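Q: my questions concern the predicted model and sequence given below.
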Amino acid sequence: MPKKIEEVQKEESRDTPILIKTYGEFWNPELVDWDGSGKLLGNRRSDSEGPDVNVYEERGVYVLYKDYQPVYVGKADKQSIGYRLQLHRQSWRKGPRWDRFSWFGICGLRVNDKLRSRNSAFHPRTAELIATLEALLIVAIDPRLNSRREKFKNAVRLYQSDTDKPAEVEERLDSIEHKLQQLLAVRGAEH
């Protein structure tokens, strides 16, 4: 009796390694120091209790989002993910048109949480490449008919660190809240 498609998909996803070694989802560009310091900080723990990992030099692909909808997909092979994101942030055309980003790296981390160097002799197998492409597409566009949420087996998920800019972020949030209160006061006075 032939196997059901769900059984085949489970076997394939379980058996095929993914090329993604590190990743971060829906990071806020407002929490990144874009002054050229070369820092794109993440943390293995969502509560930021552990050491920060700088993934600025990571290579791979990234997705820019506006209101959690994908608006741009890019690659970072000759230039790092951090540098490519910085270019998009400074772009007059793309800069203001995205408010989140996800990134997916292929270098990975060493034991000391430092980024591995790129290996020029990197030759993925066809099955790894196809499984990675499928996983990336599922994560990036979240198609309604895909029943499972893709997981990157053996990859390290990093949560965005905001330790470099908490005061600036707080000031910005206070400013936004103040402007919102002013708008609400004006609107209340009109009615």
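A: Okay, I see it. Every value quoted in this text rests on a predicted model; they were computed, and no experiment measured them. Numbering: from 1, shown residues only.

Q: residue ranges in the chain under the pLDDT threshold?
A: The model of the chain has pLDDT under 70 over residues 1-16, 36, 48, 119-122, 148-150, 163-175, 191.

Q: now do 90
A: Residue ranges of the chain with pLDDT under 90: 1-19, 30-53, 89-97, 108-157, 161-191.

Q: buried sites along stretch 50-69?
A: 52-65 (16 or more other Cβ atoms under 10 Å). (Each C-beta comes from the backbone N, C-alpha and C, glycine too.)

Q: can you map out the strands along this protein?
A: Residue ranges of the strands in the chain, as given by DSSP state E, are 22-27, 41-43, 52-54, 60-66, 69-76, 100-105, 156-157, 159-160.

Q: distance of the spatially closest residue to residue 25 that is not a sequence neighbour from residue 186?
A: Spatial nearest neighbour of residue 25, excluding adjacent residues (Cβ to Cβ, 6 or more residues apart in numbering): residue 102 at 4.5 Å. For residue 102, the distance to residue 186 (Cβ to Cβ, to the nearest Å) stands at 37 Å.

Q: higher neighbour count, these two?
A: Between residue 102 and residue 186, residue 102 has the larger neighbour count (other Cβ atoms under 10 Å), namely 19 against 9.

Q: so how far is residue 24 from the more buried one?
A: Residue 102 is 6 Å from residue 24, by Cβ to Cβ.

Q: repeat for residue 190
A: According to Cβ to Cβ, residue 190 stands 43 Å off from residue 24.

Q: who has more neighbours, the two?
A: With neighbours defined as other Cβ under 10 Å, residue 190 and residue 24 compare such that residue 24 has more, 25 against 6.

Q: give the burial count for residue 135, as a bare number.
A: Using other Cβ under 10 Å, residue 135 has 21 other residues around it.

Q: give me the domain ranges for the protein.
A: 5-160, 163-191 (automatic domain parsing).

Q: residues contacting the closest residue to residue 73 other than its chain neighbours?
A: Nearest non-adjacent residue to residue 73, counting by Cβ to Cβ, 6+ apart: residue 63, 5.3 Å away. Counting by Cβ atoms under 8 Å, 6 or more residues apart in numbering, residue 63 touches 70, 72, 73, 74, 101, 102, 103, 140.

Q: of the residues you listed, grab the buried ones for ChimeraX.
A: Applying 16+ other Cβ under 10 Å to the contacts of residue 63, the buried members can be selected in ChimeraX as follows:
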select :74,101,102,103,140
